[in-house]
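Novice: Okay, predicted coordinates and the sequence, questions at the end:
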Amino acid sequence: MAGKIHRENSLAEIVASRGEVVRPLGVLIAEGKDLVAGRLTTQLEGLGHRVLAVTTDAHAAVESAGRLHPDLILIDQHIPPLEGIEAARAILARHVIPLVLLIDYPSADLVGRAQETGILSYLLWPADATALEAAINVALERYRELQFLCAESGDLRQALHARPVVERAKKMVMRRLELGDADAFAYLRRQSWSTMTPLREVAANLLAAEQVLFGKLDLLGCVDTMLNVLVRPEGVPRGVA
């Protein structure tokens, strides 16, 4: 896999600071079913994007990714002769491109394997244009985050390894501080800059702190409940509320 993220057309020109698409994307579709590929093409063009090519097998997808330099790849999980995750792995070993995986069932194992490979978003198919657009925006936003992690570590493997930890910390910040996705990531970046600490370390520290603080509170709450049950006012038999 490539050591650093490098693209001829920087996605900084495509994605605004909060992940919105600001110009058309050049998209490669890797889909073995003509009907699905046709519908995806129609939806993408309706969203203002350009379909660079449609490939019907995994090997052609790998070749086209290197030749066409797409801004985004939509790849079906069942693309022959490889499954989509393995085809994505082959593409990402040569080129770092945002990928959206088309799946028909969102199992935890499948989604986990896709994330470990470096796939940044998935789309449950069949889907309408709104769901497609949302999946694309998620992939681009996560690509922007991956670019930051890669620039920080200087190595794509380390960036991919750090991303799940940062993602969990980001979700925690979103929940605790009631922030949106982009604002939560910006919060983590500010913590990293202010403490001169790598982002992955900041994320791990925040997750550990939450476990200590809220885990301890939960434990104390359990003890308090037990004491309330065991210690009764005088004259009230044990087991009577």
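Specialist: Yes, it's here.
Novice: got the buried residues for stretch 53-64?
Specialist: Neighbour counts over stretch 53-64 (16 or more other CB atoms under 10 Å) mark 53, 54, 55, 56, 58, 60, 61, 62, 64 as buried. The way it works is simple: take the backbone N, C-alpha and C, and place the C-beta from them, glycine included.
Novice: residues touching the residue lying closest to residue 65 once chain neighbours are set aside, list them.
Specialist: Spatially, and ignoring its direct neighbours in sequence, residue 65 is nearest to residue 91 (4.8 Å; CB to CB, 6 or more residues apart in numbering). By CB atoms under 8 Å, 6 or more residues apart in numbering, residue 91 lies in contact with 61, 62, 65, 73, 75, 97, 99.
Novice: List just the nearest of the residues you listed to residue 188.
Specialist: residue 99 (23.5 Å; CB to CB).
Novice: residue ranges of the helices in this structure, please?
Specialist: 34-46, 58-68, 84-92, 108-117, 129-153, 156-177, 181-195, 199-230 (DSSP state H).
Novice: Now do the second one against helix 84-92, angle only.
Specialist: Counting by axes from the mean of the first three to the mean of the last three CA atoms, to 10 degrees, helix 58-68 lies at 30 degrees to helix 84-92.
Novice: Touching helix 58-68 from outside, list them.
Specialist: 26, 28, 30, 52-53, 55, 70, 73, 75, 79-82, 84, 86-87, 90-91, 94-95, 97.
Novice: Where does pLDDT dip in this protein?
Specialist: Judged by pLDDT under 70, the chain has its weakly predicted residues at 1-22, 215-241.
Novice: Which parts of it belong to which domain?
Specialist: 11-154, 157-241 (automatic domain parsing).
Novice: Of those domains, which stretch is the most buried?
Specialist: The highest average neighbour count among the domains of the chain, using mean count of other CB atoms under 10 Å, belongs to domain 11-154 at a mean of 18.
Novice: how close does residue 171 get to residue 54?
Specialist: 35 Å (CB to CB, to the nearest Å).
Novice: Identify the farthest-apart pair in the contacts of residue 91.
Specialist: Largest separation among the contacts of residue 91 by CB to CB: 62 and 99, giving 12.0 Å.
Novice: Show the contacting residues for the closest residue to residue 84 other than its chain neighbours.
Specialist: Setting aside the residues directly before and after it, residue 84 is nearest to residue 77 in space (CB to CB, 6+ apart), at 3.9 Å. By CB under 8 Å, 6+ apart, the contact set of residue 77 is 83, 84, 85, 101, 102, 103, 104, 110.
Novice: Going by distance to residue 189, which of these wins?
Specialist: residue 101 (26.9 Å).
Novice: Run through the residues that contact the spatially closest residue to the closest one that is not a sequence neighbour.
Specialist: Closest residue to residue 101 apart from its sequence neighbours, by CB to CB, 6+ apart: residue 122 at 4.5 Å. Applying CB under 8 Å, 6+ apart to residue 122 gives the contacts 100, 101, 102, 103, 106, 111, 114, 135.
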